[in-house]
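J.: sharing a sequence plus its predicted fold:
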Amino acid sequence: MGAKLGGGGGKKYDLGQNSEINVTPFVDVMLVLLIIFMVAAPMATVSIALDLPPAVPPDPSAPKPKEPTFISIQESGAIFIAEKQTSLENLIPDINDSMTAKGVTGPLTEERVFVRADADVSYEQFMAVLNVLQANGYYKLGLINEDIE
């Protein structure tokens, strides 16, 4: 950027009116913003471990996967495994019976269990079911969310 040292007409020390934009403050502000975004951008990324299936087409000769086990929690606190009502005390034996009836072989705790709850279920009721499942070795849990319109 150049400086205006002298010009035609006017007094000896009159430099005239300078109508050029001073870009120095603009560049300073942009550099500060660039540094802020460069520091903040890595903090904004959060890694979540996802259990994704492999990206290969399914084998047509492979056996059909078994129907998963669903646990439903109603607002009243009633707990259902498929269509059968149960309680927290009988939750694990009823899940094991349900899986055995579906023909699950091998360790039952390795099977995925899906939990769904009504929108008005309290957090305490929901976490009580999850705590019972995890205390008995069921760690492969899926949460089902339905859109509320």
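T.: Arrived safely. Residues are numbered from 1 along each chain as shown.
J.: for the helix ranked longest in the chain, what is the distance to the chain centroid?
T.: Secondary structure assigned by DSSP state H gives helix 24-44 as the longest helix of the chain. Helix 24-44 sits 28 Å away from the centroid of its parent chain (C-alpha atoms, centre = their mean, to the nearest Å).
J.: likewise for stretch 74-84?
T.: On C-alpha atoms, centre = their mean, the centre of stretch 74-84 falls 26 Å from the chain's centre.
J.: can you give me the strands for the protein?
T.: 69-73, 79-81, 84-86, 113-117, 141-144 (DSSP state E).
J.: partner strands of the first one and their direction?
T.: Okay, so that is strand 69-73. Using DSSP bridges, the strands paired with strand 69-73 in its sheet are strand 79-81 (antiparallel), strand 113-117 (parallel).
J.: which residue is nearest the centroid of the protein?
T.: Taking C-alpha atoms, centre = their mean as the criterion, I48 is the residue nearest the geometric centre of the chain, at 7.1 Å.
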